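Trainee: everything below, folded, please.
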Amino acid sequence: MAGHHIAHGADTLCDAGAAVYERALLDGRIPRHDADPAPCLIDHGLLHPDIDDVRWLRATAPAVALPRLLDGIEKTIAEERDHEARLARAFEPLAALGNHQAPHSDTSAITVLDGLPRITDAVSRAMADATEEMLTVRPGSDRTPALPPTSPAGQQSMLIRGCRLRSLCLPPTRHPLPAPAHYEQFNGDIEIRTLDDVGDHLVILDRTVAFIPAHRTDAVALELRNPAVVDFLVTTFERLWHLATPLHPAAAHRLPKDGVTPRQRAIATLLTDGLTDADIANRLGMNIRTARVHIAALAEALGSEGRAQLGYLIGQSGILEANAPDSGESGR
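Mentor: Numbering: from 1, shown residues only. Sure, this is the predicted structure:
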């Protein structure tokens, strides 16, 4: 049976070893062959041969066995501490060399992405994690190699979660319009502006991670998560944004006659139905923060000073009649 025994430490006696050792302690000694199922007892010094008759084994008293086992552990600890000291001495001159590096040379917030598959995967994962907004600059093929286009499915998923998408691009005569045409129901959350020179390609998500090209000829990009660097890129984007010309929707920052966007009209319909902010957000697939932003814009456009007055002004303004053909689609 000894062949089925699994070796183990003295801190965890096997069932067979515990039973044999208990019996040896009670009887004083046991026949040697009775210990065959538990060779661990002899290995750990819990049983020893009877000096008067080697056919028998005697139990080592726990008060004697325990100090012996602890002594072995202390020796192991001492050896490990000695090993630790030797490692420290070996690395001491290397650590001194490392101290000569610039204190700001931490690259943990910068990841080099080599090849379109890795770039696409990293951007897609960041889009899936985003909860607020995506800012993009798409200069066109005549500038530095573009990052892979953000996937329409990823954009739509972000919009459904209530994210806002803003993009800077060249005029349509020089570069195709990047906004998907089938996102009309998200008109209020997609904005595109144009400049004759928008700079290099850039993608920023939630103002926490940015992607930029790293090479002018190869598909290599940098994933940036350093707050100072990302803030700098966001500031640059905002400055260009304020200089750019609105392109999509056509009335971006210029309200239509009744002062509301198509999506705000859909919200106006739900407001008059008595839905709460949370219900409106759920119905239109946006987060409650975005819903409240649109409701506040409605109130400002109609000059409302309260929720009850807003419902009345919506009814008097003709917004719902103007939106009748589109309200179903906008609410999907």
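
Trainee: please make it C-alpha for all contacts and neighbour counts, starting now.
Mentor: Fine.

Trainee: now the strands for the stretch 151-300 of the chain?
Mentor: For the stretch 151-300 of the chain, the strands defined by DSSP state E, counting those that start in this stretch occupy 164-169, 190-194, 202-205, 209-213, 220-224, 245-248.

Trainee: and the longest one, what's its mean pLDDT?
Mentor: I take that to be strand 164-169. For strand 164-169, mean pLDDT rounds to 89.

Trainee: what angle sits between that strand and strand 190-194?
Mentor: Orientation check (axes from the mean of the first three to the mean of the last three C-alpha atoms, to 10 degrees): strand 164-169 against strand 190-194 gives 20 degrees.

Trainee: ok now strand 164-169, how far from the chain's centre?
Mentor: Centroid separation between strand 164-169 and its chain, computed with C-alpha atoms, centre = their mean, to the nearest Å, is 22 Å.

Trainee: how about the fifth one?
Mentor: For strand 220-224, the gap between its own C-alpha mean and the chain's C-alpha mean amounts to 17 Å (C-alpha atoms, centre = their mean).

Trainee: partners of that strand, with directions?
Mentor: Strand 220-224 has its sheet partners listed here by DSSP bridges as strand 110-114 (antiparallel), strand 209-213 (antiparallel).

Trainee: next, format the strands of the stretch 151-300 of the chain as a markdown table and append distance to Asp279 and mean neighbour count.
Mentor: Output for the strands of the stretch 151-300 of the chain, formatted as a markdown table (distance: least, C-alpha to C-alpha, whole Å; neighbours: other C-alpha atoms under 10 Å):
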| stretch | distance to Asp279 | mean neighbour count |
| --- | --- | --- |
| strand 164-169 | 20 | 23 |
| strand 190-194 | 22 | 24 |
| strand 202-205 | 27 | 24 |
| strand 209-213 | 31 | 24 |
| strand 220-224 | 37 | 21 |
| strand 245-248 | 28 | 18 |
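
Trainee: neighbours of Leu302, how many?
Mentor: For Leu302, the count of nearby residues is 17 (other C-alpha atoms under 10 Å).

Trainee: not counting sequence-adjacent ones, nearest residue to it?
Mentor: Of all residues not flanking Leu302 in the chain, Leu313 sits nearest, at 6.7 Å (C-alpha to C-alpha, 6 or more residues apart in numbering).

Trainee: give me the pLDDT value at the one you found.
Mentor: Looking at Leu313, the pLDDT reads 77.

Trainee: now swap in Leu97 and tell me
Mentor: 66.

Trainee: what number of residues are in the vicinity of the closest residue to Gly285 other than its chain neighbours?
Mentor: Nearest non-adjacent residue to Gly285, counting by C-alpha to C-alpha, 6+ apart: Ile160, 5.1 Å away. Residues near Ile160, counting by other C-alpha under 10 Å, number 16.

Trainee: same question for Leu159.
Mentor: The tally of other residues near Leu159 (other C-alpha under 10 Å) stands at 24.

Trainee: show the pLDDT at it.
Mentor: 84.

Trainee: and the residue nearest in space to the middle of the chain, what does it touch?
Mentor: Of all residues in the chain, the one closest to the mean position by C-alpha atoms, centre = their mean is Asp129, 5.9 Å from it. For Asp129, no residue meets the contact criterion (C-alpha atoms under 8 Å, 6 or more residues apart in numbering).

Trainee: please tell me how far it sits from Glu84.
Mentor: According to C-alpha to C-alpha, to the nearest Å, Asp129 stands 42 Å off from Glu84.

Trainee: likewise Thr60?
Mentor: Distance, Thr60 to Glu84, by C-alpha to C-alpha: 35 Å.

Trainee: do the same with Gly28
Mentor: 44 Å.

Trainee: what's the neighbour count on the closest residue to Ala299 other than its chain neighbours?
Mentor: Excluding its sequence neighbours, the residue lying closest to Ala299 (C-alpha to C-alpha, 6+ apart) is Leu310, at 6.1 Å. Applying other C-alpha under 10 Å, we find 22 residues neighbouring Leu310.
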